[in-house]
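Asker: test case, fold it:
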Amino acid sequence: MEYLLSIIIFFPALASIFIFVMDNNVAKPYGITIGFIELLLIIGLWVGFDYTNPNMQFENIFALIPLYGINYHVGVDGISLFLLVLNSFIIFLATIYLNQKNDKNHLVVCLLLLESILMGVFSSLNMILFYIFWEISLIPILYMIGAWGTGQKIYAALKFFLYTFAASLIMFVGILFFGYLYFISMGNWSFDIMDWYALALPFNIQVWLFLAFFISIAVKIPIFPFHTWLPHAYGDAPTLGSVALAAVLLKMGTYALVRFSLPLFPDASFAMMVPVAILALFMIIYGGMLAFAQTDMKQVIAYSSISHMGVTVIGIFAMNLEGLGGATFGMVGHGIVIGALFMLVGMLYSRTQTRKISEFGGLASVMPNYSSVFGIVMMASVGLPLTIGFVGEFLSLLGFFKNHPILTLLAGTSIIISAIYMLNLYKKIFFGENTNSKNKNLKDLYPREIIVMTCFVITVIFLGIYPKPLLLPIQNSTDKLLQIMNDRAIKNDTKEHLQKVMNMDFKHTLNARSFKTKEV
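Answerer: Numbering: from 1, shown residues only. Below is the predicted model of the structure:
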C-alpha cells in the first residue's frame, strides 16, 4: 500500500505506450481493461483510506532537485480522494463508450494519458510538480479536439490552449515568488505545500499572489468573463473530448481554489468573498440565459456547465463546513451529471449527424429507453432532491447563506433557471410530433450504451439518496483546511469568521454525539 498512489498516477500512462504497436481493433478492449484495473486500484485506495484521519494519506516523497526544494511529493485527503475516483470512473466509462471507427488507438492513448496526468494534478503536494501536471494536461485535450473535433476544430483547440496556457504562466510567476519568499524567510528553498503552510504572509502580498493564482484558475473553471473559449472547445470537441473537459478537467480549477488559494491566502480570500461571489452570480444567471438561447443541444449543456460551476465557486467562498463540503461534493456530482449528458448528446449525434434542437421532436416514442435515461440525468442537472445534483448545490448555497443571505437568494435562482432551459430542451427533443422522417427509425440504446448509462444512473440516484460515503471524509478534511486557514490568517476579521465557523461546527458535532449517546 505504500506506493499505491504512485502506481495509480503512472500506471495508465505507462500502459498507453503499448497501444502504439497494437492493431486499431485491439486498442479499445485494451483501453477498457487498463481503465478497469485503474478503477480497481482506486477502489483499493478508497477502501484503505482512513476516514477519521484528516491529514494527507498514502504520501510518497522523493527528492528531485533538493537544492531548490523541488520534490516528487504526492498524497490524498478527503478533498482529493473523490476527484481521483471521479477521474477513473469517467475515463473507464469513456473507453466503454468509445465509438470512433478510425484511429481508436490514438484516442485511447489520449484518454489514458489524460487520466494519468489528472491523477497527478489531484494528488501533487509540491507546487512545481503540480504545475507540471497542470500544464501538460492541455496536450491530450488539444490533440483530441484538433484530430477528432468538428467545425472549426483547429481554431477551438488553439483558443483553448492559448487561453489556459497564457493564464497559467501568471500562476507560475506567483509560485516562483512564493518560493522566493519562503527562501528569504526560512533560509532554504521549498515548493512543498506543507512547508508553505508554515509561512504567514502580509495582507498586501496575499492579495497579489491570490490574484496571480485566481486568474489562471478563473480561466480553467471558467469564471465569467474568462469563459469565451468554452463554447468553441465544447461545441467542436468530439464527444469524449467534451466529456473529459467538462467532467474532470474543469475540476482542476475549483480543486486549486480549495487546495491552494484558500489555505495559502486566507485573508485575501476572505476579502475577495463578495467580489468572487458576484462573478459567480454572473456565471449562474448569464450562463443559464445563454443556455436557454441555444439552438444546438451540445451548447445548451456547455453553457449549463458554466451556470452550475458558479454554484460550486460560491460554496468554496462560503469558507465554512457546509459550503466547502458541498462544493467538493458538487465537483463530483457535476462531473457525473455533465459527463452523462455529453455522452447522451453524442449518442444522438452519432445516429443523426446533427445536434440542432429543431431537427428533433417526439423521440420518446421512438427511443423510450434513451428518453428515460436522459430524463433522469436531466433531473439531476436541475437539482431534483434525491439525485446527486441536489446535494452539492444545496450545501453550497446553505453555506453561503450564513454569510450573505441576499446574494444566496439570487444564486438560488440557478435551480429555477436550470429547470427552465433543461425542461425546455427535453420537451422539444422528446415530446410533440416527430416531423423529421429520418428520426422515425432511430435505434434505441445499444448494449454498450446501456452499460455506460446504467452506471451513471445508479451513481446519480445512490449518491443522491445516500451521500454519506463521500461527505464524511470530505467533512474531516474540510475541518482541517479551515484550521490551517485560521492558523495562517493575520487579520482579525478573517480570524473571527473562521473561529465562528469552527466553533459552530464543533457544537454541531457535540450535539450529534450527545444525541447518539441518548439513543444508545
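Asker: point out where the stretch 1-150 of the chain drops to low pLDDT.
Answerer: Scanning the stretch 1-150 of the chain for pLDDT under 70 picks out the ranges 1.
Asker: just the helices in it please.
Answerer: Using DSSP state H, counting those that start in this stretch, the helices of the stretch 1-150 of the chain run over 4-16, 24-48, 78-97, 104-123, 127-136, 138-148.
Asker: what packs against the second one?
Answerer: Under the contact criterion of 3 or more Cβ pairs under 8 Å, 6 or more residues apart in numbering; DSSP states H and E, helix 24-48 touches helix 4-16, helix 78-97, helix 104-123. Where you see a C-beta, it was placed from the backbone N, CA and C, and this is true even at glycine.
Asker: okay, buried residues for that helix please.
Answerer: Ala27, Lys28, Tyr30, Gly31, Ile32, Ile34, Gly35, Glu38, Leu39, Leu41, Ile42, Leu45 (16 or more other Cβ atoms under 10 Å).
Asker: do the same with the last one
Answerer: In terms of neighbour count (16+ other Cβ under 10 Å), helix 138-148 has its buried residues at Leu138, Pro140, Ile141, Leu142, Tyr143, Met144, Ile145, Gly146, Ala147, Trp148.
Asker: include distance to Leu107 when you put the residues you listed into JSON lines, please.
Answerer: JSON lines is the format used below for the buried residues of helix 138-148 (distance: Cβ to Cβ, whole Å):
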{"residue": "Leu138", "distance to Leu107": "17"}
{"residue": "Pro140", "distance to Leu107": "10"}
{"residue": "Ile141", "distance to Leu107": "12"}
{"residue": "Leu142", "distance to Leu107": "14"}
{"residue": "Tyr143", "distance to Leu107": "9"}
{"residue": "Met144", "distance to Leu107": "7"}
{"residue": "Ile145", "distance to Leu107": "12"}
{"residue": "Gly146", "distance to Leu107": "12"}
{"residue": "Ala147", "distance to Leu107": "8"}
{"residue": "Trp148", "distance to Leu107": "7"}
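Asker: Ile461 - nearest residue in space that isn't next to it in sequence?
Answerer: Leaving aside its sequence neighbours, Ile461 sits nearest to Thr387 (Cβ to Cβ, 6 or more residues apart in numbering; 6.6 Å).
Asker: the nearest residue to Ser185 once chain neighbours are set aside: which element?
Answerer: Nearest-residue entry for Ser185: Leu199, 5.8 Å, with adjacent residues in sequence omitted and distances by Cβ to Cβ, 6+ apart. For Leu199, there is no enclosing helix or strand under DSSP states H and E.
Asker: mind checking pLDDT for Leu199?
Answerer: On the pLDDT scale, Leu199 is placed at 88.
Asker: what does whichever strand or helix holds Lys428 contact?
Answerer: Using DSSP H and E, Lys428 sits in helix 413-430. Contacts to helix 413-430, defined as Cβ atoms under 8 Å, 6 or more residues apart in numbering, come from residues 284-285, 288-289, 291-292, 297, 300, 304, 307-308, 310-311, 357-358, 360-364, 371, 374-375, 378, 381-383, 393.
Asker: mind redoing it with 6 Å?
Answerer: 284, 288, 291-292, 300, 307, 311, 357, 360, 363-364, 371, 378, 381-383 (Cβ atoms under 6 Å, 6 or more residues apart in numbering).
Asker: among the residues you listed, which one lies nearest to Arg448?
Answerer: Relative to Arg448, the closest of the contacts of helix 413-430 is Ser371; by Cβ to Cβ it sits at 18.5 Å.
Asker: which parts of the one helix or strand that closest one maps to are buried?
Answerer: Following DSSP H and E, one finds Ser371 within helix 368-382. By neighbour count on 16+ other Cβ under 10 Å, the buried set for helix 368-382 is Tyr370, Ser371, Val373, Phe374, Ile376, Val377, Met378, Met379, Ala380, Ser381, Val382.
Asker: stretch 291-301 too?
Answerer: Neighbour-count burial for stretch 291-301 flags Ala291, Phe292, Gln294, Asp296, Met297, Lys298, Gln299, Val300, Ile301 (criterion: 16+ other Cβ under 10 Å).
Asker: ends of it, how far apart?
Answerer: 7 Å (Cα to Cα, to the nearest Å).
Asker: give me every residue that touches Thr435.
Answerer: Neighbouring residues of Thr435 by Cβ under 6 Å, 6+ apart: Gly361.
Asker: got a pLDDT number for it?
Answerer: Reported pLDDT for Thr435: 74.
Asker: ditto for Ser514
Answerer: The per-residue pLDDT reported for Ser514 equals 33.
Asker: returning to that earlier point: list the buried ones in the helix holding Lys428?
Answerer: Here helix 413-430 shows 414-415, 417-422, 425-426, 428-430 as buried, counting by 16+ other Cβ under 10 Å.
Asker: kindly report the same for stretch 156-165.
Answerer: For stretch 156-165, the neighbour count (16+ other Cβ under 10 Å) marks Ala156, Ala157, Leu158, Lys159, Phe160, Phe161, Tyr163, Thr164 as buried.
Asker: picking that back up, and the helix holding Ser371, C-alpha only, in PDB?
Answerer: The C-alpha coordinates for helix 368-382 follow below in PDB (Å, rounded to 0.1, in the frame of the first residue of the first chain):
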ATOM      1  CA  PRO A 368     -38.100   5.200 -24.900                       C
ATOM      2  CA  ASN A 369     -35.000   3.800 -23.000                       C
ATOM      3  CA  TYR A 370     -32.900   6.700 -24.200                       C
ATOM      4  CA  SER A 371     -35.600   9.300 -23.300                       C
ATOM      5  CA  SER A 372     -35.900   7.700 -19.800                       C
ATOM      6  CA  VAL A 373     -32.200   7.900 -19.100                       C
ATOM      7  CA  PHE A 374     -32.000  11.400 -20.400                       C
ATOM      8  CA  GLY A 375     -34.900  12.400 -18.200                       C
ATOM      9  CA  ILE A 376     -33.200  11.000 -15.000                       C
ATOM     10  CA  VAL A 377     -29.900  12.700 -15.800                       C
ATOM     11  CA  MET A 378     -31.700  15.900 -16.700                       C
ATOM     12  CA  MET A 379     -33.500  16.000 -13.400                       C
ATOM     13  CA  ALA A 380     -30.100  15.500 -11.600                       C
ATOM     14  CA  SER A 381     -28.800  18.500 -13.600                       C
ATOM     15  CA  VAL A 382     -31.800  20.600 -12.500                       C
END
